[in-house]
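Undergrad: Turn this into a structure:
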Amino acid sequence: MKTADDLIADDARLLSSQLAAMRARLFPPLSQKVLRSFSSGEAARLIGVSDGYLRQLSLSGEGPQPEIGPGGRRSYTLADINALRQHLAGQHDKGSAKARQYLKWRDPDAGEHLQVIAVTNFKGGSGKTTTSAHLAQYFALEGYRTLGIDLDPQASFSTLLGYQPEHDLSGNDTLYGAIRYDGERRPLAEIVQHTYFDGLDLVPGNLELQEFEHTTPRELAKDGGTGGLPFFVRVQSAIAEVADNYDIVILDCPPQLGFLTLGALCAATSVIVTVHPQMLDVASMSQFLFMTADLLSVVREAGGTLQFDFLRYLLTRYEPHDAPQAQIAGFLRAQFGDRVLTNAMLKSTAIADAGLTKQTLYEVGRENFSRGTYDRVVESLTAVNDEIAALVQKSWGRMR
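TA: I've put the predicted structure just below:
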């Protein structure tokens with residue numbers, strides 16, 4: 001008879017090997033995710049020009065040249081699209097409205113600070129990671145320099161962005177490596193990984209992150225043993241090391257209110273709280289808000305600074321034709337007003353279907369779904385992300 005720990009370890013190894021084999025089948029020949037190319041029409045919409053103008057640029061040899069497929073169809077990689085943005089912005093005065101139309105990078109000289117968005121809720125199943133992944137990819141598609149940080153030891157965010165933690169990471173390869181208390185601490189720049197998604201970098205997660213929850217109480221018990229920085233500013237300090245390289249940082253917080261989540265909230269300039277519109281979830285969120293407020297007040301008294309550009313509640317897995325959900329949504333809007341985002345992330349089998357191949361809806365092609373199903377959910381996702389992007393623009397003092 002095997003012991004329980006041996007049996008569980010065997011199951012873990014078996015499952016991990018099967019997931020690795022699945023990745024090899026899904027993403028040949030290198031077993032790595034590759035982002036699809038975009039049609040000329042999609043590229044034109046992302047850049048903000050007409051398809052005809054994009055064709056003229058191609059014919060005149062300006063900027064990166066598209067791949068020409070059967071029937072003369074032009075297609076662009078995301079790297080091509082970003083290069084075209086820089087090419088077009090370079091034709092106008094730096095900082096002008098026209099240049100910013102193409103290249104949306106923040107301008108530190110104009111006081112546009114790094115926007116750090118924490119996506120959080122301590123109840124699992126609230127759509128937190130789905131929201132984080134689509135939001136990070138949305139900003140990258142829009143041309144913002146984006147960094148995703150996975151703070152969840154379960155590492156679902158990292159998985160969606162092409163990593164299998166137990167195979168692709170070793171020790172000190174997560175944010176923990178940059179915020180730990182001992183001499184093994186590393187600069188965050190050494191931990192950041194480029195992804196297959198041009199303009200989107202990642203600090204991946206794995207079980208190592210849980211060490212911060214264990215080592216922090218020991219440090220707090222010591223007399224002055226904080227390694228020079230209190231726990232609640234360590235995430236903020238690590239992000240500051242790479243701030244010049246990015247416009248947007250997305251923090252996918254763990255589904256618990258521990259030291260990592262508190263560190264993320266102290267580092268955040270804005271917060272999105274995901275909530276599934278059912279009564280048990282709303283009741284759970286109430287407890288989450290009470291606990292968060294109490295703990296953050298302690299952090300503030302200890303010298304932490306907390307100032308959010310915006311705090312918004314996002315309805316996720318929402319079914320507008322479900323009467324009880326519609327009632328809960330109305331209840332939340334009545335309580336919180338415009339702090340509930342106008343748009344909701346709709347529940348759709350398309351999200352789960354895309355997840356079968358470890359992809360998001362921004363990655364899979366429309367041809368893989370019925371058009372009505374795909375268009376409906378992508379429209380809702382983009383509406384949510386557009387609304388959040390408008391809040392970011394407002395925080396920078398820009399008009400949209």
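Undergrad: max-length helix in the protein?
TA: Assignment by DSSP state H gives helix 371-395 as the longest helix of the chain.
Undergrad: Which other helices and strands does that one contact?
TA: Counting contacts by 3 or more Cβ pairs under 8 Å, 6 or more residues apart in numbering; DSSP states H and E, helix 371-395 packs against strand 115-120, helix 128-141, strand 270-275, strand 310-315, helix 349-355. (Glycine included, C-beta is placed from N, CA and C.)
Undergrad: Correct me if wrong: residue 38 contacts residue 75.
TA: Yes: between residue 38 and residue 75 there is a contact at 6.5 Å, judged by Cβ atoms under 8 Å.
Undergrad: Please identify which of these two sits among more neighbours.
TA: Between residue 38 and residue 75, counting by other Cβ atoms under 10 Å, residue 38 is the more crowded of the two (21 against 16).
Undergrad: ok, now how distant is the closest residue to that one other than its chain neighbours from residue 127?
TA: Once flanking residues are discounted, residue 38 sits nearest to residue 76: 5.3 Å by Cβ to Cβ, 6 or more residues apart in numbering. Going from residue 76 to residue 127 by Cβ to Cβ, to the nearest Å gives 31 Å.
Undergrad: same thing with residue 382?
TA: Residue 382 sits 16 Å away from residue 127, going by Cβ to Cβ.
Undergrad: In terms of neighbours, single out the busier of these two.
TA: residue 127 (21 against 17).
Undergrad: was I right about that one contacting residue 274?
TA: Yes: assessed by Cβ under 8 Å, residue 127 is found in contact with residue 274 at 5.1 Å.
Undergrad: Mutual contacts of these two, please.
TA: 314, 316 (Cβ atoms under 8 Å, 6 or more residues apart in numbering).
Undergrad: Contact partners for residue 195?
TA: Neighbours of residue 195 in contact, by Cβ under 8 Å, 6+ apart: 33, 161, 162, 201, 202.
Undergrad: residues near the second one, how many?
TA: A total of 25 residues lie near residue 161 under the criterion other Cβ under 10 Å.
Undergrad: separation between residue 71 and residue 172?
TA: Taking Cβ to Cβ, one finds residue 71 at 50 Å from residue 172.
Undergrad: out of these two, which sits in the more crowded spot?
TA: residue 172 (15 against 5).
Undergrad: any idea how far the nearest residue to the more buried one once chain neighbours are set aside lies from residue 61?
TA: Distance criterion Cβ to Cβ, 6+ apart; nearest residue to residue 172, sequence neighbours excluded, is residue 186 at 5.8 Å. According to Cβ to Cβ, residue 186 and residue 61 sit 44 Å apart.
Undergrad: How about residue 195?
TA: Residue 195 is 30 Å from residue 61, by Cβ to Cβ.
Undergrad: all helices for the stretch 201-350 of the chain, in order.
TA: 210-221, 231-240, 259-267, 279-301, 323-336, 349-355 (DSSP state H, counting those that start in this stretch).
Undergrad: Export these as a markdown table, with columns for mean pLDDT, mean neighbour count and distance to residue 398.
TA: Formatted as a markdown table, the helices of the stretch 201-350 of the chain follow (pLDDT from 0 to 100; neighbours: other Cβ atoms under 10 Å; distance: least, Cβ to Cβ, whole Å):
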| stretch | mean pLDDT | mean neighbour count | distance to residue 398 |
| --- | --- | --- | --- |
| helix 210-221 | 91 | 15 | 35 |
| helix 231-240 | 94 | 22 | 22 |
| helix 259-267 | 92 | 24 | 23 |
| helix 279-301 | 83 | 14 | 29 |
| helix 323-336 | 92 | 14 | 25 |
| helix 349-355 | 81 | 16 | 31 |
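Undergrad: Tell me which of the ones you listed sits nearest to residue 47.
TA: helix 349-355 (24.6 Å; Cβ to Cβ).
Undergrad: Packing partners of the closest one?
TA: Helix 349-355 packs on helix 371-395, going by 3+ Cβ pairs under 8 Å, 6+ apart.
Undergrad: now the helix it packs on, how far from the chain's geometric center?
TA: 14 Å (Cα atoms, centre = their mean, to the nearest Å).
Undergrad: Measure how that helix sits relative to strand 115-120, angle-wise.
TA: Counting by axes from the mean of the first three to the mean of the last three Cα atoms, to 10 degrees, helix 371-395 points 130 degrees away from the direction of strand 115-120.
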